[in-house]
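1. would you be able to build a 3D model of this:
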Amino acid sequence: MATDYDIVILGAGPAGLTAGIYAARAHRSVLILDTASVGGQTVLTDQVANYPGVATTSGRALSQTMAAQARAFGCTIVPFARVSDVAVTGAEKSVAYRGGERARARAVIVATGGTPRRLGVEGEERFVGRGISFCATCDGEFFTDRPIAVVGGGNSALEEAVSLSRFASRITIVHEFDHFQAEPWIVAEARGNPKIEFLLSQRVLGFAGDGSLAALRSAHRETGEVTETPVEGCFVFIGYVPNSSMLEGQLKLSERGEVVTDGALATSEPGVFAAGDVRQTRVRQITTAVADGTVAALSALDYLNEEGL
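-> Numbering: from 1, shown residues only. Next up is the predicted model:
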């Protein structure tokens, strides 16, 4: 069974939902598909305090508000859509999902985001779900009064370390460099937190434990000295891998797998646009994803109007 839409949006995170709001307000039929829950990575954020106009909220609440707005303007949103095929080349574009349904689209906006990057070290896969996590909001409470580590040095790593200090007895931030990539304000907040310690210039070697996680092993990048840090939990925040594998061979991708766009967020294929963390960009924030969603939707609308579609 195939259904025609003016615009199909792949991804229901901030970029996709914003694009849906703008496109549907222009009285275009819009389908938003996501392979997981509505909100994308935003729902994993415990506290959002830098979204303009909102003093503080949770990522889940912000996502639910965005989704409600998109639905109110007429978007059809399908979470856990089980997308099995995406065809975006040529005049007719289509997406197969939910075990047999197919959506045909005049334009497509790719807002599939990314997935947490793994360390790829010994013991990591063995302890995922048994001590190693990529979601502080989901699993932080499990480590109440227990020592944990946070791996990473960007905004997400330090923000979540501060958030996790509500639960953990001690937090060791392990980072490969001697400086952080995070904004100065969150670095200062982390350094001022009495529960947080720092292990810098460290290369993570692996994880150890009998059944559940018991230690993180790392080596100093210059001296090679090995340190074994006793931890019962570890949260890894070292970036994301773009969710673009279904688009290989159809759209131009960067060496890192990011969708390459121009200033209007148009991709290498006419009628296909990209927004948010999946595209090639330096800054990845909720606010930049929302901005991308706006630009991508307006560009898609211009394309449809210019093509007389």
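2. in this structure, spot the helix with the most residues.
-> Using DSSP state H to define each element, the chain has its longest helix at helix 286-306.
3. who are the packing partners of that one?
-> strand 2-10, helix 14-25, strand 101-110, strand 272-274 (3 or more CB pairs under 8 Å, 6 or more residues apart in numbering; DSSP states H and E). Glycine gets a C-beta too; all of them are placed from N, C-alpha and C.
4. Serialize the ones you listed to a markdown table and add fields for distance to E258.
-> Below are those laid out as a markdown table (distance: least, CB to CB, whole Å):
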| stretch | distance to E258 |
| --- | --- |
| strand 2-10 | 15 |
| helix 14-25 | 13 |
| strand 101-110 | 11 |
| strand 272-274 | 9 |
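5. so for R71, which of those sits nearest?
-> helix 14-25 (8.8 Å; CB to CB).
6. could you point out which element follows the closest one?
-> Next helix or strand after helix 14-25 toward the C-terminus (DSSP states H and E): strand 30-33.
7. quick one: mean pLDDT for that following strand?
-> Strand 30-33 shows a mean pLDDT of 98.
8. off-centre distance for that strand?
-> 19 Å (CA atoms, centre = their mean, to the nearest Å).
9. which outside residues touch that strand?
-> 3, 5-12, 16-17, 20, 23-24, 70, 74-78, 81, 83, 95, 97, 103, 105 (CB atoms under 8 Å, 6 or more residues apart in numbering).
10. so how do I select the buried members of those residues in ChimeraX?
-> A single ChimeraX command selects the buried members of the contacts of strand 30-33 (16 or more other CB atoms under 10 Å):
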select :5,6,7,8,9,10,11,12,16,17,20,23,24,70,75,76,77,78,81,83,95,97,103,105
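11. sheet-wise, list the partners of the host helix or strand of I173 with their directions.
-> If you go by DSSP H and E, I173 is part of strand 170-174. The pairing partners recorded for strand 170-174 under DSSP bridges are strand 147-151 (parallel), strand 196-199 (parallel).
12. what is the mean pLDDT for that strand?
-> 98.
13. related to what we said a few turns ago, so for A190, which of the helices and strands packed on helix 286-306 sits nearest?
-> Among the helices and strands packed on helix 286-306, the nearest to A190 by CB to CB is helix 14-25 (24.9 Å).
14. which strands and helices sit next to that closest one?
-> strand 2-10, strand 30-33, helix 59-72, strand 101-110, helix 286-306.
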